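Participant: dropping the sequence and predicted coords here.
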Amino acid sequence: MENKENGKLPNFIKETAETIDKFASILEKFGLDIITKIGQTNFKINTLTVKIDELSKATIDVKALMPQLTNVIENQKILEEELDLIRTLIQRSEISIHSKEVEQNAVDRDITATDKKRAIIDQFKTLEKNLEKNDDPQPVIERLENIKEDIFVFTGGHRILYEIGQFSSKLNGLENLTEELKEKLKEKITFWINKLSVKG
C-alpha cells in the first residue's frame, strides 16, 4: 500500500513539473510576444515621429518659398501683359507701313502726333464726363475700343493698350455700371492720360 502511494508521488511531482514547464513556456512565449509588440509599437512611434519632423521641416521650407513664388506669379503677370502687347503688334502690323510715309516729313509728323495725342486725351475726358449720366456699359466699351485703336495708331504699341482691353473685358456682359466701377474707371483714365502724356 505504501509502495503504491510512494509510486504515485513521483508521478505527481513529474506531472506537476511538466505542467509548470509548459506554463512557464507559455508565459515565456507570452512575454516574448508582449516584448515584440512593444518593440514594434516603439518602432512605429519612432517612424511617425521622424515623419512628423520631416513634415514640419517641409512645411517650413514651403513657407520660406512663398515670397519667391509670389515673385514668380508677379513676373508671370508682367510677361502675360508683354505677350498680349506683342500679339496686338503682330495682328496690326500693317498699320506700321503707313508710319514710313509719315517719317518723310518730320515737321508734319510732330504736328500730327501732337494733334492725335490731344484728340485721344479729349476722348478720355469726354468719356469721363459721360460716366456721370450713363449707367449703360456698352457705349463705354465702344468708346474704350475706339480709344484703344487710336492709341495704337498713334504709338505703334503702348502698355496701356493691355490695361484698356482688360477693363473693357471686365465691363463686357454687365447690365449696369456701378458707382464703384465708375470711380475705378475715372482713376484709370487719369492714369492712362498721364502715361500717354509721357509718349512723344
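Facilitator: Arrived safely, thanks for sending.

Participant: now stretch 122-133: average pLDDT?
Facilitator: Across stretch 122-133, pLDDT averages out at 86.

Participant: list the contacts of it.
Facilitator: 139-140, 143-144, 146-147, 150, 177, 182, 185-186, 189, 192-193 (C-beta atoms under 8 Å, 6 or more residues apart in numbering). For the C-beta atoms, the positions are set from N, CA and C on the backbone; glycine is no exception.

Participant: how about 10 Å then?
Facilitator: 134, 139-140, 143-144, 146-147, 150-151, 164, 177, 179, 181-183, 185-186, 188-190, 192-193, 196 (C-beta atoms under 10 Å, 6 or more residues apart in numbering).

Participant: give me the buried positions along that stretch.
Facilitator: For stretch 122-133, a neighbour-count test (16 or more other C-beta atoms under 10 Å) marks 123-124, 127-128, 131 as buried.

Participant: for those, please prepare a markdown table with the additional fields secondary structure and distance to E54.
Facilitator: As requested, the buried residues of stretch 122-133 are exported to a markdown table (DSSP: H, G, I helix; E, B strand; the rest coil; distance: C-beta to C-beta, whole Å):
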| residue | secondary structure | distance to E54 |
| --- | --- | --- |
| Q123 | helix | 61 |
| F124 | helix | 58 |
| L127 | helix | 58 |
| E128 | helix | 58 |
| L131 | helix | 57 |
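
Participant: could you pick out the buried ones from the contacts of stretch 122-133?
Facilitator: Buried, going by 16+ other C-beta under 10 Å: 140, 143-144, 147, 151, 164, 177, 181-182, 185, 188-189, 192-193, 196, out of the contacts of stretch 122-133.

Participant: from those residues, which two are the most distant?
Facilitator: L177 and L196 (23.0 Å; C-beta to C-beta).

Participant: phi and psi next, for N176.
Facilitator: phi -140, psi 160 (degrees, to the nearest 10).

Participant: nearest residue to it other than its sequence neighbours?
Facilitator: Nearest residue to N176, sequence neighbours excluded (C-beta to C-beta, 6 or more residues apart in numbering): D135, at 4.8 Å.

Participant: pick the one among the buried ones among the contacts of stretch 122-133 closest to E74.
Facilitator: Nearest member of those to E74, counting by C-beta to C-beta, is K188, at 19.9 Å.

Participant: and that closest one, how far is that from K57?
Facilitator: To K57, K188 is 46 Å away according to C-beta to C-beta, to the nearest Å.

Participant: report the distance from the helix or strand containing D61 to the chain centre.
Facilitator: Per DSSP states H and E: D61 is located in helix 2-91. Its chain's average C-alpha position is 35 Å from that of helix 2-91, according to C-alpha atoms, centre = their mean, to the nearest Å.

Participant: quick one, what contacts the most centrally placed residue in the chain?
Facilitator: The residue lying closest to the centre of the chain (C-alpha atoms, centre = their mean) is I73, at 6.3 Å. Contacts for I73 (C-beta under 10 Å, 6+ apart) come out as none.
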